[in-house]
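Visitor: model this:
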Amino acid sequence: MAKKEYSVTEINNYIKNLIGSDYVLSRVLVKGEVSNSKYHSAGHIYFSLKDEKSSVSCIMFRGKAVRGLGFRLEDGQEVVISGSFGLYEASGSIQIYVDSIVLSENKEGKLFAEFNRLKEKLSEEGLFDFEHKKAIPKFPKSVGIVTARTGAAIHDIISVSKRRNPYTQLILYPAKVQGDGAAETIIKGIETLDKMGLDTIIIGRGGGSIEDLWAFNDERLARTIYAAKTPIISGTGHDIDNTIADYVSDLRAPTPSAAAELAIPDVMTHIRKAESYRSSLENRINTLITEYYLRLRNQKLRLESLSPERSIYDKEQNLADLTDRLKTGMADILTRYRHRLELDTVRLNGLSPTAKLVNGFGYVTDKDDNPVRSVSDVNAGNELSVILHDGRIEVSVNGISK
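Guide: Numbers count the residues shown, from 1 in each chain. Prediction:
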């Protein structure tokens, strides 16, 4: 007997009815940490509630928010929500429809409040401003890492580096990443690696509670990251974790593995592709050489079998013609494959947006980042930016010569 086929809408309706008829799910109290909070222009609040292992989507409609929320909801707050589970049919996602939210009075709640105060303070000082972010080098030769000597973070970073570019040098500064004195060792690690002239520095650790990650919310650490000359990537926790170090770093990655992927380009894929092209080219050339060699040998045998004097000159001329065709054909084929290899090499190099900004060449823009195409676009005293392959130079025009 054939089974009945159901549409997606029918299945979603069935699941929605199951959830709606469950007494436990119709009225629940759930405690967790707020993340990805967003106030919609219509007044609704979208956010996620998470703990150390999982998260769930939540929505609080405008009418509920007006009556059931006495404070502004922000990421990192420890809260207890009251509401009911339901299924949003359009996307098939399960979420909590929230009626009320209260702050949880515990140690983590106090840390969240302190986190938000420091975040607001540093933001007002400009430590999170995008214009202060340093560009991450596209092809680093050396990458510093500030994390624990043992643990998943360093193993993940090493694994990613070996897979993507084993020629990049990794320098580990073993630091304490949790508990008393952790922030001091992370600061010392950044300061030490910053003096070594490395291309990039990665800081981070695995996920955990806000108390576990508190070392990365230290104000002194934030100011050290901001003052560092080396570009810094923060890869702390999991996707749903956020720290002050994430905001002040030049680039934020959701995990240590993702930080390694952002810092180290995947050159091995391109190397393997080039090797494959080279092997295919060699095999094709060898096949053609063998084919033409056998053809030449057959012609020689036929020439020897047809040896009357009157035709010997014709056969010699025919042999010469075949030899010329062999050489010309081989040369044409070899040239064509070499040209294809050169095009692939140029295309690979062309993927780098800064590949052409070398040997003294740069890209000049005005203060609004518009390109400067002529000296007529510039006046003395204007502030300009010169973008090179490894960064940006801010300059002032002292004079103009046409």
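Visitor: which sections of the stretch 251-400 of the chain are below the confidence cut-off?
Guide: 307-313, 350-358 (pLDDT under 70).
Visitor: ok, which stretches of it are strands?
Guide: 251-253, 363-365, 383-388, 391-396 (DSSP state E, counting those that start in this stretch).
Visitor: which one of those strands lies nearest to G235?
Guide: strand 251-253 (4.0 Å; C-beta to C-beta). Just so you know, the C-beta spots here come from the backbone N, C-alpha and C atoms, and that holds for glycine as well.
Visitor: picking that back up, dump the strands of the stretch 251-400 of the chain to a markdown table, plus mean neighbour count.
Guide: Listed next are those as a markdown table, based on neighbours: other C-beta atoms under 10 Å:
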| stretch | mean neighbour count |
| --- | --- |
| strand 251-253 | 20 |
| strand 363-365 | 15 |
| strand 383-388 | 15 |
| strand 391-396 | 11 |
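Visitor: in JSON lines, list the ones you listed along with distance to S93.
Guide: Listed next are those as JSON lines, based on distance: least, C-beta to C-beta, whole Å:
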{"stretch": "strand 251-253", "distance to S93": "25"}
{"stretch": "strand 363-365", "distance to S93": "43"}
{"stretch": "strand 383-388", "distance to S93": "43"}
{"stretch": "strand 391-396", "distance to S93": "42"}
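Visitor: which one of those strands lies nearest to A42?
Guide: That would be, of the strands of the stretch 251-400 of the chain and by C-beta to C-beta, strand 251-253, which comes in at 29.0 Å.
Visitor: just the residues contacting the closest one, thanks.
Guide: Residues from elsewhere that reach strand 251-253 (C-beta atoms under 8 Å, 6 or more residues apart in numbering): K133, I136, G204, P231, I232, I233, S234, G235, D246, A259, E261, L262.
Visitor: ok, now stretch 271-289?
Guide: In contact with stretch 271-289 (C-beta under 8 Å, 6+ apart) are residues G329, M330, I333, L334, Y337, R340, L341, D344, T345, L348.
Visitor: nearest to N359 among the residues you listed?
Guide: T345 (18.5 Å).
Visitor: skipping its backbone neighbours, what lies nearest that closest one in space?
Guide: By the measure of C-beta to C-beta, 6 or more residues apart in numbering, the closest residue to T345 outside its immediate chain neighbours is A274, 7.4 Å from it.
Visitor: now E383
Guide: With sequence-adjacent residues excluded and distances taken as C-beta to C-beta, 6+ apart, E383 is closest to K367, at 5.0 Å.
Visitor: separation between the one you found and L87?
Guide: Using C-beta to C-beta, to the nearest Å, K367 is found at 51 Å from L87.
Visitor: of the two, which one has the most company?
Guide: Per other C-beta atoms under 10 Å, whichever of K367 and L87 has more neighbours is L87, with 19 against 10.
Visitor: my guess is the residue nearest to E383 contacts G381. True?
Guide: No - taking contacts as C-beta atoms under 8 Å, K367 lies outside contact range of G381: 11.5 Å.
Visitor: hang on, I145 in a strand?
Guide: Yes - I145 forms part of a strand when assessed by DSSP: H, G, I helix; E, B strand; the rest coil.
Visitor: beta-bridge partners for it, please?
Guide: L172, I202 (DSSP bridges).
Visitor: so who does it touch?
Guide: Taking C-beta under 8 Å, 6+ apart, we find I145 in contact with I154, I157, L170, I171, L172, Y173, I201, I202, I203.
Visitor: what of Y88?
Guide: Going by C-beta under 8 Å, 6+ apart, Y88 touches I94, Q95.
Visitor: so how far is K50 from it?
Guide: Counting by C-beta to C-beta - Y88 and K50 are separated by 19 Å.
Visitor: cool, D129 as well?
Guide: With C-beta to C-beta as the criterion, D129 and K50 are 28 Å apart.
Visitor: higher neighbour count, these two?
Guide: Between D129 and K50, counted using other C-beta under 10 Å, the more crowded position is K50 (18 against 11).
Visitor: can you list the weak-confidence ranges in the stretch 1-150 of the chain?
Guide: The low-confidence ranges in the stretch 1-150 of the chain, as defined by pLDDT under 70, are 1-2, 23-24, 68, 70, 105-110.
Visitor: and if we set it to 80?
Guide: 1-4, 6, 19-24, 26, 66-71, 103-114, 116 (pLDDT under 80).
Visitor: can you give me the strands in it?
Guide: Under DSSP E, counting those that start in this stretch, the stretch 1-150 of the chain gives strands at 28-39, 45-50, 55-60, 78-88, 93-103, 142-147.
Visitor: what's the most buried one of these?
Guide: Most buried of the strands of the stretch 1-150 of the chain, by mean neighbour count (mean count of other C-beta atoms under 10 Å): strand 142-147, with a mean of 25.
Visitor: report the next helix or strand after that one in sequence order.
Guide: Where DSSP states H and E defines the elements, the next helix or strand beyond strand 142-147 is helix 152-164.
Visitor: for that following helix, list the C-alpha coordinates in PDB.
Guide: The C-alpha coordinates for helix 152-164 follow below in PDB (Å, rounded to 0.1, in the frame of the first residue of the first chain):
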ATOM      1  CA  ALA A 152      40.700  22.700  21.700                       C
ATOM      2  CA  ALA A 153      41.500  26.200  20.500                       C
ATOM      3  CA  ILE A 154      45.200  25.700  19.700                       C
ATOM      4  CA  HIS A 155      44.600  22.300  18.200                       C
ATOM      5  CA  ASP A 156      41.900  23.700  16.000                       C
ATOM      6  CA  ILE A 157      44.100  26.600  14.800                       C
ATOM      7  CA  ILE A 158      47.000  24.300  14.100                       C
ATOM      8  CA  SER A 159      44.800  21.900  12.200                       C
ATOM      9  CA  VAL A 160      43.300  24.600  10.000                       C
ATOM     10  CA  SER A 161      46.700  26.100   9.300                       C
ATOM     11  CA  LYS A 162      48.200  22.800   8.200                       C
ATOM     12  CA  ARG A 163      45.200  22.200   5.900                       C
ATOM     13  CA  ARG A 164      45.200  25.700   4.300                       C
END
